[in-house]
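[1] Need coordinates for the below:
(one chain, ligands or ions: 1)
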Amino acid sequence: MSEIRTDLSELEPVFAEIENVPENLISALQKAQEIYGWLPKEVMYRIGEKLGVKPAKVIGVATFYSQFRLEPMGKYLVMVCGGTACHVGGSEKIAAVVSEYLGTENGKTTADGIFTLEKVACLGCCSLAPVMMINGEVYGNLTSEKAVEILRNLREKEAEK
Ligand code: FES
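    As a prediction, the model looks like this:
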């Protein structure tokens with residue numbers, strides 16, 4: 001995925017809050033991710049510069065915690081629930097099939113930038129387990145076949161554009 005230009009001035013409100021305290025690194029990264037949707041390298045470097053934290057340390061922290069996204073999100077965020085109810089309902093197999101169909105892994109975006117796959121904990125609609133959520137829309141009582149059909153429809157819709 002190609003690097004995109006990022007408007008670093010959007011970080012100013014974050015800097016006002018974190019007050020140049022190195023211990024606020026994680027909180028700064030979280031806030032930056034809320035703004036940009038992910039953590040571009042130049043954003044991480046700027047945060048490090050502001051907090052007096054070396055770039056390698058900033059990158060180290062960002063890569064250590066799975067909450068941080070190091071590449072842009074796809075147009076569709078596909079969240080496959082791995083919570084208990086969904087797990088009992090076969091979510092592991094569904095996640096594997098979805099991953100294979102999309103050709104990407106958990107936390108990654110497809111090469112065409114259309115789908116980001118994320119395995120998540122309980123999505124809060126266990127009565128519909130197993131569940132997948134795409135851009136906020138819930139798909140319940142899922143099977144692997146149903147999940148692939150939903151994704152195929154979205155793929156076709158995108159291909160028509
Ligand atoms: S366990 Fe999947 S929605 Fe609750």
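
[2] Using the three-state scheme, assign residue 113.
    Classification of residue 113 using DSSP: H, G, I helix; E, B strand; the rest coil returns coil.

[3] Now do the strands in the chain.
    76-81, 115-120, 132-134, 137-139 (DSSP state E).

[4] For those, please prepare a markdown table with the additional fields distance to residue 41.
    Using the backbone N, CA and C atoms, a C-beta is placed for each residue, glycine as well. Below are the strands of the chain laid out as a markdown table (distance: least, Cβ to Cβ, whole Å):
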| stretch | distance to residue 41 |
| --- | --- |
| strand 76-81 | 22 |
| strand 115-120 | 18 |
| strand 132-134 | 28 |
| strand 137-139 | 32 |
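
[5] Ok, which of those comes nearest the ligand?
    Among the strands of the chain, strand 76-81 comes nearest to the ligand, with 3.4 Å by Cβ to the nearest ligand atom.

[6] Let me see the mean pLDDT of that closest one.
    Here strand 76-81 scores 96 as its mean pLDDT.

[7] wait, does it make contact with the ligand?
    Yes. Strand 76-81 reaches the ligand (Cβ under 6 Å from any ligand atom) through residue 81.

[8] re the thing from before, winner for burial among the strands of the chain?
    The highest mean neighbour count among the strands of the chain, using mean count of other Cβ atoms under 10 Å, belongs to strand 76-81: a mean of 23.
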